[in-house]
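Peer 1: Show me how the following folds:
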Amino acid sequence: MTKISNKHKQYTCKGIKRLAFLATVMVLVLNLAACATFDNFKGTFIDKDEEPEATVRIGVFEPLTGKDKEMGEMEVKGIELAHDMFPKALGKEVELVYGDNKSDMYVAESVAHELVDKRVSVVLGSYGSANSLMAVKTFEKAKLPAIAITNTNPLVTSYNPFYFRVCLLDSFQGVALAKYAVESLGATTAAIMRPENDDYAIAVAETFSDKFIQMTGNPNAVVVSCDYQPEKKTDFTEDLKKIQAAGAQVVFLPAKLEEAVKVLKEAKKLGVNALFLGTNQWDSTELVQKAGKAAAENVSFSTVFDPNTDTTVMSDNFVNAYKSKYGQDAIPESAAALGFDAYMIALDSLNKTGTALDGEALRKTIANVREFPGSSGTITFDTNGDPIKSVVVMKIVGGQAVSAYTMEPAIVNLSGAPLQQENVQVQ
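Peer 2: Numbers count the residues shown, from 1 in each chain. Predicted coordinates:
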């Protein structure tokens, strides 16, 4: 037999140990590689997103506190009423997730991030265009569709495919009021009073002026234009006397309700006979309550909702449900009707999309809304996500708002060219 020397035995033992060590290393490497591979597999094929627990979440992005609390609550009333009537989507309960932006545009940005983190499928709101504008990029980056309710600033939906609105643009209101002034009131001269540094007031005043001049055929039809600083202005006597002296038959005042009340009261004291025109910011029972019946008589304002007119199959159901929830004497404000419609469009779009998790797919569904029968009228979204719908002009008669004029939409070329709004009805 061949004898193995001690020295050779030592080398053999060392070789075996080295092989064992290498084998151990290889096992560890393979185990780590296997773990990594399994993690990738698990992430790709197993860890799929599931529907949110037992509910579908809809974000309510509103000023529930702060200076805009009252208007925020008005929009929420409509949302909650719709939720009471239609509490399910995709066969699951709808959970309203509230985000209070506290009437502060800087808080609004952080609240927008919170709603994204809470995995809501769609956001409704906010009251105040500035609040919505602070959330635009956050929602777009997260591919989270949002539907503004009473925002009229064009920038909310411009250049952002994920933000829509159910209220009218400033331009539509300016055009409707100019047509009402000329065609229904027979006005040939007008004055404009507007708050300075107010993008909303500037935009709607410009469209009113342009349309009024076009329709009268007189480049000097706007006889007086007065700008004022709302935070400093308490006496409008000088402006109103200019308007009176110029013989303006109508005064377009795109101001908030509180400012409008001051002007109307003062105009009544000075005996100004011109008829005052406002926007949907005046659409509240508080207009007559705060200004008084005498000062508010014949005052007119544009809106998208007339509670006494059944414009769609949903209109009457909304009014009845509103009275049942908030009292038989309660008159629904347009903001509540619009909040109701925003929720209904969100719900309908979720059901049509078939999922609460695909923001891009949901966005496409909302963008394709055509002739949706809302409580405030039939709604069709144009290529910017803005609604094509009726504009109603209400007039105060004997302390009550009655419908005086309607500009109906004409939907043109749904498949290609931009949608437009034009036709008019006088009542």
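
Peer 1: Which residues are in contact with residue 309?
Peer 2: 315, 392, 403 (C-beta atoms under 8 Å, 6 or more residues apart in numbering). Heads up, the C-betas are built off the backbone N, CA and C, glycines and all.

Peer 1: is it true that the second one touches residue 301?
Peer 2: Spelled out, it's residue 392. No: Residue 392 is not in contact with residue 301 according to C-beta atoms under 8 Å; the separation is 9.5 Å.

Peer 1: Compare these two (neighbour count), which wins?
Peer 2: More crowded of residue 392 and residue 301, by other C-beta atoms under 10 Å: residue 392, with 30 against 26.

Peer 1: what's the spacing between residue 59 and residue 343?
Peer 2: Using C-beta to C-beta, to the nearest Å, residue 59 is found at 11 Å from residue 343.

Peer 1: tell me, what's touching the two both at once?
Peer 2: When contacts are counted by C-beta under 8 Å, 6+ apart, residue 59 and residue 343 have residue 124 as shared neighbours.

Peer 1: how long is stretch 263-280 from one end to the other?
Peer 2: 17 Å (C-alpha to C-alpha, to the nearest Å).

Peer 1: ugh, typo on my part, it should be stretch 296-316
Peer 2: First residue to last in stretch 296-316 (C-alpha to C-alpha) measures 28 Å.

Peer 1: For it, what is the distance to the chain centroid?
Peer 2: 19 Å (C-alpha atoms, centre = their mean, to the nearest Å).

Peer 1: The helix or strand where residue 341 lies packs against which elements?
Peer 2: Taking DSSP states H and E as the definition, residue 341 sits inside helix 334-353. In terms of contacts (3 or more C-beta pairs under 8 Å, 6 or more residues apart in numbering; DSSP states H and E), helix 334-353 is packed against strand 55-62, helix 69-85, strand 88-89, strand 122-125, strand 146-148, helix 313-326, helix 359-367, strand 372-374.

Peer 1: Please compute how far it lies from its chain's middle.
Peer 2: 11 Å.

Peer 1: which ones are touching residue 173?
Peer 2: Contacts of residue 173 by C-beta under 8 Å, 6+ apart are 152, 204, 207, 279-280, 302, 391.

Peer 1: Quick one: low-confidence residue ranges for this protein.
Peer 2: Counting by pLDDT under 70, the ranges of the chain that qualify are 1-53, 409-427.

Peer 1: Centroid-nearest residue for it?
Peer 2: Closest to where the C-alpha atoms of the chain average out (C-alpha atoms, centre = their mean) is residue 148, at 1.2 Å.

Peer 1: picking that back up, ok, which of the helices and strands packed on helix 334-353 comes nearest residue 259?
Peer 2: helix 69-85 (14.7 Å; C-beta to C-beta).

Peer 1: and that closest one, C-alpha only, in CSV?
Peer 2: Output of helix 69-85 as CSV, limited to C-alpha atoms (Å, rounded to 0.1, in the frame of the first residue of the first chain):
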residue,chain,number,x,y,z
LYS,A,69,-65.4,78.0,6.2
GLU,A,70,-68.9,79.0,5.3
MET,A,71,-68.4,78.5,1.6
GLY,A,72,-66.5,75.3,2.2
GLU,A,73,-69.3,73.9,4.2
MET,A,74,-71.8,74.8,1.5
GLU,A,75,-69.9,72.7,-1.0
VAL,A,76,-69.6,69.9,1.6
LYS,A,77,-73.4,69.9,2.1
GLY,A,78,-73.9,68.9,-1.5
ILE,A,79,-71.2,66.3,-1.4
GLU,A,80,-72.6,64.7,1.8
LEU,A,81,-76.1,64.7,0.4
ALA,A,82,-75.0,62.9,-2.7
HIS,A,83,-73.1,60.4,-0.5
ASP,A,84,-76.2,59.8,1.6
MET,A,85,-78.2,59.0,-1.5
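
Peer 1: Now distance to residue 74 too, for the contacts of residue 309, in CSV please.
Peer 2: Below are those laid out as CSV (distance: C-beta to C-beta, whole Å):
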residue, distance to residue 74
315, 18
392, 18
403, 20
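
Peer 1: Just give me the closest of those to residue 108.
Peer 2: Lowest distance from residue 108 to the contacts of residue 309 (C-beta to C-beta) belongs to residue 392, with 29.9 Å.

Peer 1: Is that closest one bridged to anything, and to what?
Peer 2: residue 303, residue 406 (DSSP bridges).

Peer 1: now do residue 125
Peer 2: On the basis of DSSP bridges, residue 125 is bridged to residue 61.

Peer 1: As a check, name the ranges of all helices in the stretch 51-200 of the chain.
Peer 2: Assigned by DSSP state H, counting those that start in this stretch, the helices in the stretch 51-200 of the chain fall at 69-85, 105-117, 129-141, 170-179, 199-216.

Peer 1: angle of the second one against strand 55-62?
Peer 2: Taking axes from the mean of the first three to the mean of the last three C-alpha atoms, to 10 degrees, helix 105-117 and strand 55-62 form an angle of 180 degrees between their directions.
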